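Chemist: what's the 3D shape of this:
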Amino acid sequence: MAVEKETEEHVYLSVAAGENWHNTVMYCVEQGWYGLENLALIPGSVGAAPIQNIGAYGVELTQCFSYLEAVELSTGKTLIFNQAGCEFAYRDSVFKQRCKDQFIITRVVLVLSKKPQWALNYPALHERLGAMDKTLSLIHISEPTRPLYI
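Modeler: Numbering: from 1, shown residues only. Predicted coordinates for the structure are as follows:
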């Protein structure tokens, strides 16, 4: 993982496709970067995440996705897919449809916020968190077995 670009508000994190998804989420949580915390504990690799447009607790990958690189199997060329090119839909993408078995995703670039952007409206998550206050942390969203407030 490497920071590709950073602004006052965002971090663009480049992640190799073979990296473990949950470990990537937890790395971002540890850095204090917001956007992926609801997507913790999803099994699989970073490269598989855009194929399925993974989601959990009211958040989908597309909400923190910048672009990806993929190798076209028929030509060996590396192509870049932005959000529009991925044709994201509910648990779907171009890689499950029109481009199925035509590309190998090699790298995903995520855009993460440096400022809190809680996504807490999902009913089960909202119920668990109850009365939210300023001490809510990223770890409480990403690891539901931890105590809620620090």
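Chemist: In which helix or strand does the nearest residue to residue 81 once chain neighbours are set aside reside?
Modeler: Leaving out its chain neighbours, the residue that sits closest to residue 81 by CB to CB, 6 or more residues apart in numbering is residue 68, at 5.2 Å. Where C-beta positions appear, they are placed from N, C-alpha and C, glycine not excepted. Per DSSP states H and E, residue 68 falls inside strand 65-72.
Chemist: end-to-end on stretch 9-28?
Modeler: End-to-end distance for stretch 9-28, by CA to CA, to the nearest Å: 15 Å.
Chemist: May I see the buried residues of stretch 13-32?
Modeler: By neighbour count on 16 or more other CB atoms under 10 Å, the buried set for stretch 13-32 is 13-15, 17, 19, 21-22, 24-29.
Chemist: Next: stretch 72-81.
Modeler: By neighbour count on 16+ other CB under 10 Å, the buried set for stretch 72-81 is residue 81.
Chemist: Follow the chain on from the host helix or strand of residue 79 and name the next helix or strand.
Modeler: According to DSSP H and E, residue 79 maps onto strand 78-82. Heading C-terminal from strand 78-82, the first helix or strand you meet, by DSSP H and E, is helix 83-86.
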